[in-house]
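Novice: Requesting a structural model of the entry that follows:
(2 chains)
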Amino acid sequence: MVPEWLLVKDNYIPKEEKNLYIEKSIFSLIKIISIIRQNKNQDKLVYSINPTLKVVSIIVMILCVSISRSFIYLFIIDIYMLINFFLMEKKLRKRVLLKSFIFPLVTLIALIPSMLYGNIYNSLLIFQKLIITILLMNLLSHNTKWSEISKSLKFLFIPDMFIWIMDITIKYIVLLGEHSINLLFALKLRSIGITSNKYNSLTGIMGNLFIKSYKMSEEMFHAMECRGFIGEYTTKVNLKLKKMDYAYLAINILLVSLFIYF
Amino acid sequence: MHIPDNYLSPSTCATFGVAMLPIWRRASLTVKAEITRQKMPLLGVAAAFSFLIMMFNVPLPGGTTGHAIGGALIAILLGPYSAVFAVTIALAIQALFFGDGGILALGVNCFNMAFIMPFTAFYLFKLTKKLFKNQKGEYIASFLGGYISVNVAALFAAVEFGVQPLLFKDVSGLPLYSPYGLAVSIPAMMIPHLLVVGILEGIITVGAYSYIKKASPDVIYKGKVSKMKYFYIIMGILILATPLGLLANGTAWGEWGSEEIKNLLGFVPKGLEKGFQYNSPFKDYSFGFLNEYFGYILSALVGVIIILIIFKVLGKINLKRNIKGD
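Specialist: Okay, the predicted model is just below:
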């Protein structure tokens, strides 16, 4: 016999949770992984420039921009940025633009009280510089292979060990990120309505993630040993320049000389 | 707390970058000596972990979400030197590839979040753990480690912002970079950190630590605190920085004298009129016969020494109790 209470239809409607912290976490993790995973093998113009040259010239440009006090120079850089921007792929443009404008706008709002005291020129200068630097970095990360960027750090006297660890980190952000997405989905499936012990479950996931990463690193060491890795990692800077690269170099030298001129 | 480029002057960024060099060097030497070759990949994976911790959205009261930094957690789990490495790499990846935090400001960000934060958290954790030797003590210690370390890091960031308008002005005296002085930047940074972010960091640290302690206790860093040197160095920097308060106009928030209250409110509340005139031995933190700046430093030093003595005494009492218990 089936007991009677099993046959009665249950009208349980869980109260809706207002802050969707699990979804938000899943979303931000997916975003990160998709940025890392995106295919950067396009044959567009900007993608084919030598990455070492690109990284070095962008860092020099950031330095120039942050020292510069001239609106004209910043304006010229703005135009240069726009040209760069339109050389990007269409679907990436929106993402880059959105990412590069939100933060400067927030800053601009925060600077309003100071502008009311007459500090207008410098505030606008900061706003302008922020847009340029954030846009520069975002363009770099979207149009260059990340492994190439980290390799080119060698040119800036960054030790091999650091570059090696950074490469591991990027790979493991993806692996551990996927693991934590799975954990978060498991949590989502098991929590209905309002959950009172949010912190417990979230910190549990973080703890689990740490133990998982510990195990993964051990596995990785064994895998490396099996393949004959002795713990020394050397990277070589890619400095083969093509015609394109010389043109890029010329443009950058021109921009730096403009900085000196203004 | 990720400071972007152009908030701080390039010279500030360069200074902090140079200050980080010996720390990075020391960290890499210690890590090489401390960690077996087998655990080298752990640094990279730990950096990935510290990066991902920042991606977790944690519910906050009021329906919004925020995220923790995780610097304290990593310091407690892996030891301070590995934490310097892991957090530095996480910050470098954020700056290089995700546009969070500046390239030039990387040194400053690393100083706040990859040096000050893990070292404060680690030593505080060890110190508090010594005082309370039971299970609860560990939880209190990890909460305090998270809470205080993120606040100290925020204080450093606030001071870095706040000194900009004092140090860098254009010809007409207008600030070149971040325009708000210490009187604005410190409350703006500290109030949210003291009330919300710090508590969040503390809860995350306790939660994750206690989970790992239960699930797999052998992965937690066991290095002994043989030298408290770095703790004293951080304390030293803080003590030397106390005269910065003199640069700001006005008194610290909530520490007004009755005259200042009159200026602020227009009247002096009756209860305060005669109120709480407490005669401290060091009035206004100065020693009269000394220069004001040295007075501040000396007062801070005395304060720290008194706190350390109290901690030592408490430790002794605790030790005696433990011996009796045995």
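Novice: what residues are up against the residue of chain A found nearest chain B?
Specialist: Across chain A, the shortest distance to chain B (CB to the nearest CB) belongs to residue A:203, at 2.4 Å. Heads up, the C-betas are built off the backbone N, CA and C, glycines and all. Neighbouring residues of residue A:203 by CB atoms under 8 Å, 6 or more residues apart in numbering or on different chains: B:203-204, B:206-208, B:210-211.
Novice: Intersect those with the contacts of chain A.
Specialist: Near chain A, judged by CB under 8 Å from any CB of the partner chain, the entries from these are B:203-204, B:206-208, B:210-211.
Novice: Nearest spatial neighbour of residue 76, chain-adjacent residues omitted?
Specialist: No chain in the question, so chain A it is. Closest residue in space to residue A:76, ignoring its immediate chain neighbours: residue A:258 at 6.1 Å, by CB to CB, 6 or more residues apart in numbering or on different chains.
Novice: that answer is for a different chain, and I need it for chain B
Specialist: Of all residues not flanking residue B:76 in the chain, residue B:125 sits nearest, at 5.2 Å (CB to CB, 6+ apart).
Novice: Show the pLDDT at that neighbour.
Specialist: With respect to pLDDT, residue B:125 scores 90.
Novice: How many neighbouring residues does it have?
Specialist: 27 (other CB atoms under 10 Å in any protein chain shown).
Novice: Likewise for residue A:103?
Specialist: Counted with other CB under 10 Å, residues neighbouring residue A:103 total 16.
Novice: Next, it: secondary structure please.
Specialist: Put simply, residue A:103 is helix when judged by DSSP: H, G, I helix; E, B strand; the rest coil.
Novice: in terms of contact count, name the helices or strands touching the longest helix along chain A.
Specialist: Ranked by residue count and defined by DSSP state H, the top helix of chain A is helix A:160-190. Counting contacts by 3 or more CB pairs under 8 Å, 6 or more residues apart in numbering or on different chains; DSSP states H and E, helix A:160-190 packs against helix A:21-37, helix A:146-152, helix A:198-226, helix B:40-53, helix B:80-97.
Novice: Smallest gap between chain B and chain A, at which residue?
Specialist: As assessed by CB to the nearest CB, chain A sits closest to residue B:207 within chain B, at 2.4 Å.
Novice: List the contacts of that residue.
Specialist: So residue B:207 contacts A:199-200, A:202-204, A:206-207 (CB under 8 Å, 6+ apart).
Novice: which among those residues end up buried?
Specialist: A:199, A:202-204, A:206-207 (16 or more other CB atoms under 10 Å in any protein chain shown).
Novice: Not counting sequence-adjacent ones, nearest residue to residue A:126?
Specialist: Here the residue nearest residue A:126, using CB to CB, 6+ apart, is residue B:6, at 5.6 Å.
Novice: swap in residue A:26?
Specialist: Spatially, and ignoring its direct neighbours in sequence, residue A:26 is nearest to residue A:184 (5.0 Å; CB to CB, 6+ apart).
Novice: doesn't residue A:28 make contact with the one you found?
Specialist: No: counting by CB atoms under 8 Å, residue A:184 does not reach residue A:28; the two are 10.5 Å apart.
Novice: what about those two, which has more around it?
Specialist: Shown here are residue A:184 and residue A:28; by other CB under 10 Å, residue A:184 has more neighbours (22 against 18).
Novice: wait, what's in contact with that one?
Specialist: With contact taken as CB under 8 Å, 6+ apart, residue A:184 is in contact with A:22, A:25-26, A:29, A:205.
Novice: go on, residue A:233?
Specialist: Neighbours of residue A:233 in contact, by CB under 8 Å, 6+ apart: A:160-161, A:163-164.
Novice: Next: residue A:38.
Specialist: Counting by CB under 8 Å, 6+ apart, residue A:38 makes contact with residue A:142.
Novice: if we can go back for a sec, what number of residues lie near the residue nearest to residue A:76?
Specialist: With other CB under 10 Å as criterion, residue A:258 counts 17.
Novice: which intervals of the stretch 1-150 of chain A have sub-threshold pLDDT?
Specialist: For the stretch 1-150 of chain A, the stretches with pLDDT under 70 are A:17-19, A:39-45.
Novice: can you list the residues of it near chain B?
Specialist: Within the stretch 1-150 of chain A, the positions lying close to chain B (CB under 8 Å from any CB) are A:18-19, A:21, A:24-25, A:28-29, A:32, A:35-36, A:59, A:62-63, A:65-67, A:69, A:99-100, A:103, A:111, A:114, A:118-119, A:121-123, A:126, A:129-130, A:133-134, A:137-138, A:140-141, A:146, A:149-150.
Novice: Just the buried ones from the residues you listed?
Specialist: Neighbour-count burial (16+ other CB under 10 Å) applied to these gives A:19, A:21, A:24-25, A:28-29, A:32, A:36, A:59, A:62-63, A:65-66, A:99-100, A:103, A:111, A:114, A:119, A:122-123, A:126, A:129-130, A:133-134, A:137-138, A:140-141, A:146, A:149-150.
Novice: Can you name the residues that contact residue 108?
Specialist: The chain I'm using is chain A. Residue A:108 sits next to A:123, A:127 when contact means CB under 8 Å, 6+ apart.
Novice: wait, I meant chain B there
Specialist: Neighbouring residues of residue B:108 by CB under 8 Å, 6+ apart: B:3, B:8, B:12-13, B:16-17, B:157, B:160.
Novice: low pLDDT regions in the stretch 151-300 of chain B?
Specialist: In the stretch 151-300 of chain B (pLDDT under 70), the answer is B:223-235, B:238-296.
Novice: ok, which residues in it are in contact with chain A?
Specialist: B:170, B:174-180, B:203-204, B:206-212, B:215-216, B:219.
Novice: If you go by neighbour count, which of the residues you listed are buried?
Specialist: B:174-180, B:203-204, B:206-212, B:219.
Novice: can you map out the helices along the stretch 101-250 of chain B?
Specialist: Counting by DSSP state H, counting those that start in this stretch, one finds helices in the stretch 101-250 of chain B at the ranges B:106-109, B:117-131, B:135-167, B:182-192, B:198-215, B:229-241, B:244-247.
Novice: Determine which stretch of those helices is the most buried.
Specialist: The highest mean neighbour count among these, using mean count of other CB atoms under 10 Å in any protein chain shown, belongs to helix B:106-109: a mean of 25.
Novice: What sits closest to residue B:137 if chain neighbours are left out?
Specialist: Excluding its sequence neighbours, the residue lying closest to residue B:137 (CB to CB, 6+ apart) is residue B:129, at 5.8 Å.
Novice: Pull the contacting residues for the one you found.
Specialist: Residue B:129 makes contact with B:137-138, B:141, according to CB under 8 Å, 6+ apart.
Novice: got the residues you listed as JSON lines, with pLDDT columns?
Specialist: Listed next are the contacts of residue B:129 as JSON lines, based on pLDDT from 0 to 100:
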{"residue": "B:137", "pLDDT": "83"}
{"residue": "B:138", "pLDDT": "86"}
{"residue": "B:141", "pLDDT": "90"}
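Novice: For residue A:49, state which of these is nearest.
Specialist: residue B:141 (51.5 Å; CB to CB).
Novice: Thank you kindly, that will do.
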